[in-house]
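**Q** Below is the sequence, then the predicted model.
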Amino acid sequence: MDCSGMEVARIIMSRFDDFYRHFIDITQGAQARFEQQDWLAVQQAAGERIRLYDQHVQHTLYAIRDQRGGAPFSALELKAIKQAFNDLLIEHPNPEIAESFYNSIYRRSFHHQNTNATNLYVHGFIQRAPAVDKSPYWQQYHTSLEQLEHTLQQVLHGLQLTVPFTDLARDLTYVRRYIQDFGPAELAQKNMSLSVISALFFRNKGAYLIARIECDNLTLPFILPILHDDSGGLYLDTLILSYDDASILFSFARAYFMVWCPEPALLVQFLRPLLPNKADHEIYSAIGCQKHGKTEFYRNFLQQLHQSRDQFVPAPGIKGMVMTVFTLPSFDVVFKIIKDKFTPPKAISHKMVRAKYRLVKQHDRVGRMADTMEFTNFELPLGRISPELLAELQQVAASQITLTHNTLVIHHLYTERRMTPLNIYLDQADEQQLGEVLDEYANAIKQLATANIFPGDMLFKNFGVTRHNRVVFYDYDEISYMTECHFRDIPKARYPEDELSAEPWYSVAPNDIFPEEFATFLLSSPRIRSAFPAQHNNLFTAQYWRALQQNITDGQVGDVFPYRRKRRFQYLYTTAGKDAEL
């Protein structure tokens, strides 16, 4: 059946528009879920929105197949389809995300094979100029420190939240005090401009007012987290006023925000100065456009290849049993491939590993699990592969690679932000750093558990340290839900000989976990053992883990703050808050 390029292009664009309408619909429900404190619905909506993209891509493929009767495309037809889609992009309000949707349709049509860069949007077709008309996406206010409380009151009332603030005047006083205590002197001395995004950012149990404050040549993030208190009212929890703290809020280890953004590119333009150390792909992903984030990542990767000359090499650290990992030293990313065979005692399959990574993608990562991007038939220039890496890939993952004359094709690949492996960091840390990072490590495990994730293998080599010295988990092949685990105390030995036996004197089921054993393999080094914070010794008791399980079963959603607890207003400015943190 004949079908013109414009007809196919219109099918793709129509299905994309349908996808993005659904995306916006789910996103717009975030405010009601926040106001109603329906945290279970928050988690469900996050997973539903992530799955939405693949569902609409598949429906689009069916529609094109039905329109054409399953006939294959000729080279001339593919060229005509892309040209027609270019015409549709010119007047479209959201061309960037539409390009990525087109790429997904094209690649899946050919099962990620026989892809031709001339038929894909490897580089963006639409180059958007900087936004001039800020409305309705953000508003600008001219104010000063003396007027700031009045300005913020106006801004917050304009959000039309149905839940009132318990004591907004108190909170705004805290904002002013925080600027005086921690902000640069210019903010207290001169007039300033406050540019505020009109829509709140929602994630987990919080809503975030995102703004930037400008004074002379100074530009800083100005972010107010809004939470519920025990009385049912709202309050401002802190003020985020630094690039580092804003970067942690938008971390690759956190769930995606829900924020109304009909034109995501304009939102990224606003956020870019607030997140100077983040690439566009990270910002797109953070606001929920993770598939376009993948496109932007690939463009960034190609640019890095073009401007660098170093080789891909095995990543530093202890070799994994399931994954082989490599990196390009000049690029802040690691590449992970599932091995053909797993080192005993790993009893897992390729399918199971992929399922674990999908679980993490759709789960609340609470700032403690690294986000990943998944690629099929990822091509690398063969001349940039170090001999050591090529030999390793041929030895442990031969089924996952194909060599051509000048290209290494990796059939299935994950990418992830590069971090310093925790075991390497511990070896190099001084005494203060050691205590701080072990506290971070224990907090990471506890926060994962609160989010219903048991990491399984808690060895230090499976965790990384970010540039902000935060500890993040990145080895997912043994993770499980907390509610699937059976935390047990080790039974008392029947006879003295039992404790000397190489085999346990008690039965052990596959999901049985004995927290008392954690200390044996985690604290074997005297240096680590002496530095491990005493307040985290409850990790080594089954009772602690069972209590966390009960909280999850009871529907409790724990508090995980994407900023330092000691920067919360209640800690800084109330006695009760300081006592509660101790």
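**A** All right, it came through fine.
**Q** can you give me the strands for the stretch 301-450 of the chain?
**A** Along the stretch 301-450 of the chain, the segments classed as strands by DSSP state E, counting those that start in this stretch run 313-314, 323-327, 333-338, 372-381, 401-403, 407-417, 420-421.
**Q** Figure out how far the second one is from the centre of its chain.
**A** Distance, stretch centre to chain centre, for strand 323-327: 20 Å (CA atoms, centre = their mean, to the nearest Å).
**Q** what angle separates that strand from strand 333-338?
**A** Computed by axes from the mean of the first three to the mean of the last three CA atoms, to 10 degrees, the angle separating strand 323-327 from strand 333-338 equals 160 degrees.
**Q** Now tabulate the strands of the stretch 301-450 of the chain in JSON lines and tack on distance to Asp216.
**A** Any C-beta I mention is one placed from the backbone N, CA and C, and that applies to glycine too. Listed next are the strands of the stretch 301-450 of the chain as JSON lines, based on distance: least, CB to CB, whole Å:
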{"stretch": "strand 313-314", "distance to Asp216": "45"}
{"stretch": "strand 323-327", "distance to Asp216": "41"}
{"stretch": "strand 333-338", "distance to Asp216": "36"}
{"stretch": "strand 372-381", "distance to Asp216": "39"}
{"stretch": "strand 401-403", "distance to Asp216": "54"}
{"stretch": "strand 407-417", "distance to Asp216": "34"}
{"stretch": "strand 420-421", "distance to Asp216": "37"}
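**Q** In CSV: the ones you listed, plus mean pLDDT, distance to Asp439 and mean neighbour count.
**A** Shown next, in CSV, are the strands of the stretch 301-450 of the chain (pLDDT from 0 to 100; distance: least, CB to CB, whole Å; neighbours: other CB atoms under 10 Å):
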stretch, mean pLDDT, distance to Asp439, mean neighbour count
strand 313-314, 98, 31, 16
strand 323-327, 97, 27, 21
strand 333-338, 97, 25, 22
strand 372-381, 95, 26, 17
strand 401-403, 96, 41, 15
strand 407-417, 96, 22, 19
strand 420-421, 96, 17, 20
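**Q** Run through the helices of the stretch 151-300 of the chain in chain order.
**A** Here the stretch 151-300 of the chain has its helices, by DSSP state H, counting those that start in this stretch, at 168-182, 185-189, 243-249, 264-271, 280-286, 290-307.
**Q** Give me the buried positions along the longest one.
**A** For helix 290-307, a neighbour-count test (16 or more other CB atoms under 10 Å) marks 290-301, 305 as buried.
**Q** again with stretch 63-74
**A** Buried residues in stretch 63-74, defined by neighbour count with 16+ other CB under 10 Å: Ile64, Arg68, Phe73.
**Q** and that stretch, how far apart are its ends?
**A** End-to-end distance for stretch 63-74: 18 Å, by CA to CA, to the nearest Å.
**Q** Keeping just the C-alphas, turn stretch 121-132 into CSV.
**A** These are the backbone C-alpha positions of stretch 121-132, laid out as CSV (Å, rounded to 0.1, in the frame of the first residue of the first chain):
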residue,chain,number,x,y,z
TYR,A,121,18.2,13.6,14.3
VAL,A,122,21.7,13.0,15.4
HIS,A,123,22.0,16.8,15.6
GLY,A,124,19.1,19.1,16.4
PHE,A,125,17.2,20.4,13.4
ILE,A,126,15.7,23.3,15.3
GLN,A,127,18.1,25.7,17.0
ARG,A,128,16.0,27.6,19.5
ALA,A,129,17.0,31.2,20.3
PRO,A,130,17.2,32.4,23.9
ALA,A,131,13.7,33.1,25.3
VAL,A,132,12.7,36.7,25.3
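**Q** Run the chain-centre distance for that stretch.
**A** Stretch 121-132 sits 25 Å away from the centroid of its parent chain (CA atoms, centre = their mean).
**Q** What of stretch 336-352?
**A** 24 Å.
**Q** Ends of that stretch, what's the gap?
**A** End-to-end distance of stretch 336-352 (CA to CA): 16 Å.
**Q** What residues of it count as buried?
**A** For stretch 336-352, the neighbour count (16+ other CB under 10 Å) marks Lys336, Ile337, Ile338, Lys339, Phe342, Lys346 as buried.
**Q** which stretches of the chain have low pLDDT?
**A** 1-3, 112-115, 130-135, 495-502, 505, 576-582 (pLDDT under 70).
**Q** which residues does the residue sitting nearest the centre point of the chain contact?
**A** The residue lying closest to the centre of the chain (CA atoms, centre = their mean) is Phe252, at 3.5 Å. Counting by CB atoms under 8 Å, 6 or more residues apart in numbering, Phe252 makes contact with Glu282, Ser285, Ala370, Asp371, Arg417.
**Q** out of the residues you listed, which one sits closest to Ile318?
**A** Ranked by distance to Ile318 (CB to CB), the contacts of Phe252 are led by Ala370 at 17.3 Å.
**Q** and the nearest residue in space to that closest one that is not next to it in sequence, how many residues sit next to it?
**A** Closest residue to Ala370 apart from its sequence neighbours, by CB to CB, 6 or more residues apart in numbering: Tyr474 at 4.6 Å. The tally of other residues near Tyr474 (other CB atoms under 10 Å) stands at 25.
**Q** How about Lys566?
**A** By the measure other CB under 10 Å, the count of residues near Lys566 is 11.
**Q** Now do the phi/psi pair for the residue nearest to the centre of the chain.
**A** phi -70, psi -10 (degrees, to the nearest 10).
**Q** picking that back up, for Ile24, which of the strands of the stretch 301-450 of the chain is the nearest?
**A** strand 372-381 (23.3 Å).
**Q** Give me the contact list for that closest one.
**A** For strand 372-381, the surrounding residues in contact (CB under 8 Å, 6+ apart) are 107, 112-113, 115, 290, 293-294, 297, 305, 312, 335-336, 357, 360-361, 406-416.
**Q** check contacts around the residue nearest to Arg384 when sequence neighbours are not counted.
**A** Nearest non-adjacent residue to Arg384, counting by CB to CB, 6+ apart: Gln311, 5.3 Å away. The neighbours of Gln311, taking CB under 8 Å, 6+ apart as the test, are Leu328, Arg384, Ile385, Ser386, Leu389.
**Q** Of those residues, select the buried ones using a PyMOL command.
**A** Applied in PyMOL, the following selects the buried portion of those according to 16+ other CB under 10 Å:
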select buried, resi 328+385+389
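**Q** So which of the contacts of Gln311 belong to helices?
**A** Members of the contacts of Gln311 lying in helices (criterion: DSSP state H): Leu389.
**Q** Mind putting the contacts of Gln311 into CSV with distance to Thr166?
**A** As requested, those are exported to CSV (distance: CB to CB, whole Å):
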residue, distance to Thr166
Leu328, 51
Arg384, 58
Ile385, 59
Ser386, 59
Leu389, 57
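**Q** Nearest to Val396, out of the contacts of Gln311: which one, please.
**A** Distances from Val396 to those, taken by CB to CB, are shortest for Leu389, at 11.0 Å.
**Q** Relative to Met419, how far out is that closest one?
**A** 19 Å (CB to CB, to the nearest Å).
**Q** Could you do Leu52 as well?
**A** From Leu52 to Met419 the distance is 30 Å (CB to CB).
**Q** Please say which of these two ends up with more neighbours.
**A** The neighbour count for Leu52 versus Met419, taken as other CB under 10 Å, is higher for Met419 (23 against 18).
**Q** In contact with that one, which residues?
**A** Ala370, Gly464, Val465, Thr466, Val472, Tyr474.
**Q** closest to Arg10 among these?
**A** The shortest approach to Arg10 among the contacts of Met419 belongs to Ala370, at 38.8 Å (CB to CB).
**Q** and that closest one, what does it touch?
**A** Phe252, Ala253, Glu416, Arg417, Met419, Gly464, Val472, Phe473, Tyr474.
**Q** show me the contacts for the closest residue to the fifth one other than its chain neighbours.
**A** Sequence neighbours aside, Gly464 is the residue nearest to Met419 in space, at 2.8 Å (criterion: CB to CB, 6+ apart). By CB under 8 Å, 6+ apart, the contact set of Gly464 is Ala370, Met419, Thr420, Pro421, Leu422, Val471, Val472, Tyr474.
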